[in-house]
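[1] turn this into a structure:
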Amino acid sequence: MNTNRLLIGLVIALVVAFVLSSFVYKQFQKASIVKPTSTQTLVVAAVPLPLGTRLDASNTRLIQWPANQQVAGMFTRVEDVTNRAIITPLAENEPVLEAKLSPKESGAGMPSTIPEGMRALSVAVNEVVGVAGFVIPGTTVDVLVTGRVIGASSGGGANITRTILENVRVLASGQKIEPDREGKPQTVAVITLLVSPDDATKLTMASTQGKIQLALRNTIDTKKNDPKAVMDVSLFSPDGAITKPVRTSPGRKSTGPPAAPPPYVIEVITGNKRENKSFPNSNQTVQH
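    Alright, predicted model coming up:
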């Protein structure tokens, strides 16, 4: 009797195990069946592309992209981006988007990267002004200028440094050949900045009448600080106090105490001896 019960229990266990294994197998089969996802083509950069590059079939290519994941401004045909220039550098396989392209009629090169209403202005700099080569296209800088205060005398406190431009984008950095004082050719670094027309006049005046310095800043730091101007007397005075030059009207004399009138000088002759003796005049105060 016990043997029959064991056999019945074993059969039941085998049946349950078979049913469970069949269920698990069917579930794995369903999970392994992947539904095909519809795709579409997407235009990307075939190689790293610098700012201002004109696009064509040689520097772009098509990749497959999920059709249900649309990207704003994307292109599906290379013909749609041919002969248009990019206004920002592109990495390899980076999508080509409408926001990264210049208008169709703007052509290619540097002019195509200048937004409407802005100007590109180049200034000659040295290695120090160019922040030791770290000022490259795409970075942002502040422009400082050092010059003499208008109307200041040759004494101390005549030089001033102020920040004239903040958060200026660098369009290009390169070199040009120009003669030195002796007429010999020398290599000069040139930085091209993107500025407004008003800022272009400021930068031109600063680069011709003073000494400019570029301050490199983080590209995500767009806050304008409007730092105060600094005069040399505030840095090199003994106590470090900031003093301002005193302005006097033309022809106006100092308000200090008047000079004492000169004394009377009388020559006294006694025999063969001569000597000069001084006596205070009536306007001079005699101190005891």
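[2] can we go C-alpha only for contacts and neighbour counts from here?
    Fine.
[3] and the residue nearest to residue 134 when sequence neighbours are not counted, bridged to which residues?
    For residue 134, ignoring the flanking residues on the chain, the nearest one in space by C-alpha to C-alpha, 6 or more residues apart in numbering is residue 216 at 7.9 Å. Counting by DSSP bridges, residue 216 is bridged to residue 141.
[4] so who does residue 216 touch?
    131, 134-135, 139-142 (C-alpha atoms under 8 Å, 6 or more residues apart in numbering).
[5] and these, which two are furthest apart?
    Largest separation among these by C-alpha to C-alpha: 134 and 142, giving 13.6 Å.
[6] C-terminal to the lowest-mean-pLDDT helix or strand in the chain, what's the next element?
    Lowest on mean pLDDT, DSSP states H and E among the helices and strands of the chain sits strand 264-270, with a mean of 68. Next along the chain after strand 264-270, taking DSSP states H and E as the criterion, comes strand 273-279.
[7] tell me where the stretch 101-250 of the chain has helices.
    197-209, 232-236 (DSSP state H, counting those that start in this stretch).
[8] show me how far the shortest one is from its chain's centre.
    For helix 232-236, the gap between its own C-alpha mean and the chain's C-alpha mean amounts to 27 Å (C-alpha atoms, centre = their mean, to the nearest Å).
[9] residues of it that come out buried?
    232-234 (16 or more other C-alpha atoms under 10 Å).
[10] then stretch 58-76?
    59-62, 65, 74-76.
[11] and the residues you listed as a markdown table, adding pLDDT?
    Shown next, in a markdown table, are the buried residues of stretch 58-76 (pLDDT from 0 to 100):
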| residue | pLDDT |
| --- | --- |
| 59 | 94 |
| 60 | 95 |
| 61 | 94 |
| 62 | 94 |
| 65 | 91 |
| 74 | 93 |
| 75 | 94 |
| 76 | 93 |
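[12] just to revisit the earlier point, any idea how far the residue nearest to residue 134 lies from residue 193?
    13 Å (C-alpha to C-alpha, to the nearest Å).
[13] just give me the lowest mean pLDDT stretch among the helices of the stretch 101-250 of the chain.
    Lowest mean pLDDT within the helices of the stretch 101-250 of the chain: helix 232-236, at a mean of 77.
[14] who does that helix touch, helix- and strand-wise?
    Helices and strands touching helix 232-236, by 3 or more C-alpha pairs under 8 Å, 6 or more residues apart in numbering; DSSP states H and E: there are none.
[15] please renumber so the chain begins at 9
    All set: I'll call the first residue 9, so the last point we hit is now helix 240-244.
[16] mind checking the end-to-end distance for stretch 74-94?
    Span of stretch 74-94 from end to end, C-alpha to C-alpha: 25 Å.
[17] got the contact list for residue 69?
    51-54, 86.
[18] one more time with 7 Å, if that's ok
    Each residue near residue 69 by C-alpha atoms under 7 Å, 6 or more residues apart in numbering is listed here: 51-54.
[19] the stretch 9-158 of the chain: strands as residue ranges?
    47-53, 68-74, 127-133, 148-156 (DSSP state E, counting those that start in this stretch).
[20] hey, least reliable of the ones you listed by pLDDT?
    strand 127-133 has the lowest average pLDDT among the strands of the stretch 9-158 of the chain, namely a mean of 86.
[21] that one pairs with which strands, parallel or anti?
    strand 193-203 (antiparallel).
[22] hmm, back to that, now the helices of the stretch 109-258 of the chain in TSV, with distance to residue 231?
    Putting the helices of the stretch 109-258 of the chain into TSV (distance: least, C-alpha to C-alpha, whole Å) gives the following:
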stretch	distance to residue 231
helix 205-217	17
helix 240-244	26
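[23] gap between the two ends of stretch 89-109?
    Span of stretch 89-109 from end to end, C-alpha to C-alpha: 8 Å.
[24] try stretch 216-231
    With C-alpha to C-alpha applied, stretch 216-231 spans 28 Å between its terminal residues.
[25] so how far is that stretch from its chain's centroid?
    5 Å.
[26] okay, buried residues for that stretch please.
    Here stretch 216-231 shows 220-225 as buried, counting by 16+ other C-alpha under 10 Å.
[27] list just the nearest of those to residue 20.
    For the buried residues of stretch 216-231, with residue 20 as the reference and C-alpha to C-alpha as the criterion, the closest is residue 225, at 77.3 Å.
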